[in-house]
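J.: output the structure for:
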Amino acid sequence: MTDSAGVVIIGGGVNGTGIAYHLAKKGYTDVIVLEKSYICSGASGRNGGGIRQQWSTKENIKLAIESTRMFEELQKELDTDLEFKQGGYLVLAFTEEEVEQFKKNVSIQNEMGLDSKFINPEEAKELVPELNISKVKGATFNETDGTIYPFKVVHGYAKAIKEMGIDVREHTEVLDIEKNGDEITAVKTNKGTIKTDTVVNAAGGWSKKVAEMLQVDLPNKPYRHEIMVTEPYAPFLDPMVISFHHGIYFSQSEHGNIVGGIGNPNETEGIEQRASLWFLKTMAKTLVEFVPRFKGMNMLRQWAGLYDTTPDAQPVLGPVPEVKRFYQVNGFSGHGFMVSPVVDKVTAELILGETPSMDISDLSITRFEDMDIEKEYSVVG
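T.: Residues are numbered from 1 along each chain as shown. Down below sits the predicted model:
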């Protein structure tokens, strides 16, 4: 089968469906979204749903602030309960170096309009009374951070774009992308060829492989990160709690389940999404150290997904020099969901030739030509 489309989006996660949604809102529906498995099968359906604005780089802070504002309106737009809860994020410091870094972070965040604050261990315990603060040196807190249910967001987008006339094709794997010179001509899939001159690479952990089809070298590397959910308990935890020092995060859903993950510092690069015994043991031990009352809790399920990481832990966005109309929306290094609303909106604007509502040029792939790139400090795992 040979088909055609004005825009082909590779990836059926929050960015793929979100970009299609913003294109459709602007009246452009000559779009095909391709997903090699099922909608929300990748990182979008495997993350903890955290929405955090407390970052160390200005680029991530501005993306997160605007995205949080957009998440606040998205429930009305999609006419569905997205389980968006703004209980805040409590970020714990365990070393003097972290204390100094966190104070710098808060200063930058405040400068950019975010009302975050540095607090002492006792104030952290007031926010989470069950927290063990014996080794905590300090913390930061922002009350408008929170959590959202990823499946409802992505399936809300998918339902909306289908109703607006966009073609969503699941179980359709991209095999190759053809070009003539520096212009894209077609996308070859396991179900036929689609003629197009515009491709969006929103393939997450597979984005590097997609880019290689056009001889574009992304610096992205995929790494497994694992996560779990417990049986439900009566609500007692309002904020998301995270520690960069331990590589851990955990929160309580509106249904009472504790959802959280921890990074393995010895994880090797690669496409691996099987769960491990290491995670089960380490997560259980560390959770109890943080909150002793977690002892005896029953885990219901554990699973794994991919962080699509870059050298500076910031995303790769926008066009590339080598190929015309080949847009990158990847490399989020574990925080793609929380900044997706504004990223998707701006990407749609770029595709349509509009002046972007936010300047994302500093996140272009060309930044890696500069050896003095600014690394994001505030990454879990």
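J.: where do the strands sit along the stretch 101-250 of the chain?
T.: 117-119, 138-142, 146-147, 167-169, 174-180, 183-189, 192-195, 199-201, 221-230, 240-243, 248-252 (DSSP state E, counting those that start in this stretch).
J.: can you report how many residues lie near Ala64?
T.: For Ala64, the neighbour count with other CB atoms under 10 Å is 24. Placement of C-beta: from N, CA and C, glycine included.
J.: the nearest residue to it once chain neighbours are set aside in helix, strand or coil?
T.: Of all residues not flanking Ala64 in the chain, Gln53 sits nearest, at 4.1 Å (CB to CB, 6 or more residues apart in numbering). Classification of Gln53 by DSSP: H, G, I helix; E, B strand; the rest coil places it in coil.
J.: so which of the strands of the stretch 101-250 of the chain gets nearest Ser357?
T.: strand 199-201 (17.7 Å; CB to CB).
J.: from the chain's centroid, how far away is that closest one?
T.: When C-alpha coordinates are averaged (CA atoms, centre = their mean, to the nearest Å), strand 199-201 and its chain have centres 17 Å apart.
J.: next: stretch 289-296.
T.: 28 Å.
J.: now that stretch: mean pLDDT?
T.: Average pLDDT, stretch 289-296: 95.
J.: how about stretch 166-182?
T.: 98.
J.: other residues contacting that stretch?
T.: 5, 10, 12, 17, 20, 23-24, 29, 31-39, 158, 161-162, 184-191, 199, 203, 210, 213-214, 322-324 (CB atoms under 8 Å, 6 or more residues apart in numbering).
J.: most packed of the strands of the stretch 101-250 of the chain?
T.: Ranked by mean neighbour count under mean count of other CB atoms under 10 Å, the strands of the stretch 101-250 of the chain are led by strand 199-201, which reaches a mean of 29.
J.: mind listing the strands that strand pairs with, and their directions?
T.: When pairing is defined by DSSP bridges, strand 199-201 lines up against strand 7-10 (parallel), strand 326-330 (parallel).
J.: reformat those as a markdown table; add mean pLDDT and mean neighbour count.
T.: A markdown table is the format used below for the strands paired with strand 199-201 (pLDDT from 0 to 100; neighbours: other CB atoms under 10 Å):
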| stretch | mean pLDDT | mean neighbour count |
| --- | --- | --- |
| strand 7-10 | 98 | 27 |
| strand 326-330 | 98 | 26 |
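J.: not counting sequence-adjacent ones, nearest residue to Cys40?
T.: Val154 (4.1 Å).
J.: residues contacting the one you found?
T.: Gly12, Gly13, Val14, Thr17, Ile39, Cys40, Ser44, Gly45.
J.: ok, of those, which one's closest to Leu300?
T.: Nearest to Leu300 among those: Gly45, at 16.4 Å, using CB to CB.
J.: run a quick neighbour tally on Val210.
T.: Close neighbours of Val210, defined as other CB under 10 Å, add up to 25.
J.: what's the answer for Glu73, then?
T.: 10.
J.: host element of it?
T.: Using DSSP states H and E, Glu73 maps to helix 58-78.
J.: sheet partners, orientation included, of the helix or strand following that helix?
T.: Later in the chain than helix 58-78, the nearest helix or strand by DSSP H and E is strand 89-93. Using DSSP bridges, the strands paired with strand 89-93 are strand 138-142 (antiparallel), strand 240-243 (parallel).
J.: quick one, which of these is nearest to Gly87?
T.: Judged by CB to CB, the one of the strands paired with strand 89-93 that comes nearest to Gly87 is strand 240-243, at 7.2 Å.
J.: adding distance to Leu287, write the strands paired with strand 199-201 out as CSV.
T.: Shown next, in CSV, are those (distance: least, CB to CB, whole Å):
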stretch, distance to Leu287
strand 7-10, 37
strand 326-330, 31
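J.: do you know which of those strands lies nearest Asp362?
T.: Evaluated over those, closeness to Asp362 peaks at strand 326-330, with 13.7 Å, by CB to CB.
J.: what angle sits between the closest one and strand 183-189?
T.: 60 degrees (axes from the mean of the first three to the mean of the last three CA atoms, to 10 degrees).
J.: what residues go with each domain of this protein?
T.: 2-46+151-220+312-369, 86-143+221-309 (automatic domain parsing).
J.: most packed of those?
T.: Taking mean count of other CB under 10 Å, domain 2-46+151-220+312-369 is the most buried of the domains of the chain, at a mean of 20.
J.: all helices of the stretch 251-381 of the chain, in order?
T.: Secondary structure of the stretch 251-381 of the chain (DSSP state H, counting those that start in this stretch): helices located at 277-290, 340-351.
J.: how long is stretch 363-375 from one end to the other?
T.: 12 Å (CA to CA, to the nearest Å).
J.: which residues touch the closest residue to Met283 other than its chain neighbours?
T.: Once flanking residues are discounted, Met283 sits nearest to Ile262: 5.0 Å by CB to CB, 6+ apart. Contact analysis of Ile262 by CB under 8 Å, 6+ apart lists Glu226, His246, Gly247, Ile248, Tyr249, Phe279, Thr282, Met283, Thr286, Gly381.
J.: sketch out the low-pLDDT regions of the stretch 51-200 of the chain for me.
T.: Within the stretch 51-200 of the chain, no stretch has pLDDT under 70.
J.: go with 90
T.: 75 (pLDDT under 90).
J.: the stretch 251-381 of the chain now?
T.: Judged by pLDDT under 90, the stretches of the stretch 251-381 of the chain that qualify are 369-375, 377-381.
J.: could you check how far Phe279 is from Trp55?
T.: Applying CB to CB, to the nearest Å, the value for Phe279 to Trp55 is 25 Å.
J.: now the closest residue to Ala5 other than its chain neighbours, what's its secondary structure?
T.: Excluding its sequence neighbours, the residue lying closest to Ala5 (CB to CB, 6+ apart) is Ile32, at 4.3 Å. Three-state assignment for Ile32 (three-state DSSP): strand.
J.: pLDDT score for Ile32?
T.: 98.
J.: and the one 10 residues further on, by the same measure?
T.: Residue-level confidence at Gly42 comes out at 96, pLDDT.
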